[in-house]
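Undergrad: Fold the following for me, if possible:
(one chain, ligands or ions: 1)
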Amino acid sequence: MSLLADNRVRENEAEIVRRYMSSFPVKVGELANELGLKVVRAPMPPKISGLIQPSTDAPAGFEIRVNKYEMPERQRFTVAHEIAHYLLHRDDIGAGVVDSIMYRSNLTSRKETEANRLAADIVMPAKVVGRELERIGGRRTDEAVEKLASMFRVSVPAMKVRLGVA
Ligand SMILES: [Zn+2]
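TA: This is a model prediction of the structure:
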């Protein structure tokens with residue numbers, strides 16, 4: 001079951017996320033903005049993928065920063081990962097949560113795993129991916145994985161995990 005149904009996620013926010021998940025590629029930047037989060041693409045050190053920190057500029061009180069030097073697909077996943085921290089762990093953000101390229105931070109590894117799971121659900125909604133896989137023949141070939149990764153604007157390894165062929 002998706003972590004969107006978790007009781008830590010506010011129902012009105014889950015509704016917004018579900019609406020964005022109905023078409024692809026999921027517009028993660030617009031989704032963040034609609035949740036009241038500011039998103040900034042910024043130069044960051046090579047070992048950092050992104051962060052979420054308090055911001056007086058953002059309606060929801062937090063801004064997401066992503067490392068502009070990473071691949072666009074990777075940046076999209078990072079935005080979704082930080083959105084997931086906001087939805088599930090906002091009370092733990094404190095002065096900020098900085099995610100390494102392994103998506104490790106000062107939060108527990110259980111919380112990092114949760115953020116990765118929810119981020120994968122957001123950028124690769126299982127139902128929509130399944131429908132599109134059927135539409136292109138239903139077989140999990142390398143070609144199909146690459147095509148779906150490009151359609152959803154995610155990395156090939158991420159789509160392999162989603163399809164269970166990694
Ligand atoms: Zn994280």
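
Undergrad: near the ion, which residues of this structure?
TA: Asp99, Tyr103, Ser105, Glu112, Ala115 (C-beta under 5 Å from the ion). All C-beta spots, glycine's among them, are computed from the backbone N, C-alpha and C.

Undergrad: What about those, which one has the most neighbours?
TA: The member of the residues of the chain next to the ion surrounded by the most neighbours (other C-beta atoms under 10 Å) is Ala115, with 27 neighbours in all.

Undergrad: nearest spatial neighbour of that one, skipping sequence neighbours?
TA: Using C-beta to C-beta, 6 or more residues apart in numbering and skipping residues adjacent in sequence, the residue nearest Ala115 is Ala84, 4.1 Å away.

Undergrad: Neighbours of Asp142, how many?
TA: Asp142 is surrounded by 10 other residues when neighbours are defined as other C-beta under 10 Å.

Undergrad: measure it to the ion for me?
TA: As defined by C-beta to the ion, to the nearest Å, Asp142 lies at a distance of 30 Å from the ion.

Undergrad: now that residue: how far from Leu148?
TA: According to C-beta to C-beta, to the nearest Å, Asp142 and Leu148 sit 11 Å apart.

Undergrad: Spell out which residues make up each domain of this protein.
TA: 3-123, 125-166 (automatic domain parsing).

Undergrad: If you count contacts, what does the host helix or strand of the residue nearest to Ala115 end up packed against?
TA: For Ala84, the host element (DSSP states H and E) is helix 72-89. For helix 72-89, the contact count by 3 or more C-beta pairs under 8 Å, 6 or more residues apart in numbering; DSSP states H and E identifies helix 11-20, helix 28-34, strand 48-54, strand 62-67, strand 97-100, helix 109-123 as packing neighbours.

Undergrad: Make a markdown table from the residues of the chain next to the ion and add distance to Gln75 and pLDDT to it.
TA: Putting the residues of the chain next to the ion into a markdown table (distance: C-beta to C-beta, whole Å; pLDDT from 0 to 100) gives the following:
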| residue | distance to Gln75 | pLDDT |
| --- | --- | --- |
| Asp99 | 12 | 98 |
| Tyr103 | 13 | 95 |
| Ser105 | 17 | 96 |
| Glu112 | 18 | 97 |
| Ala115 | 15 | 97 |
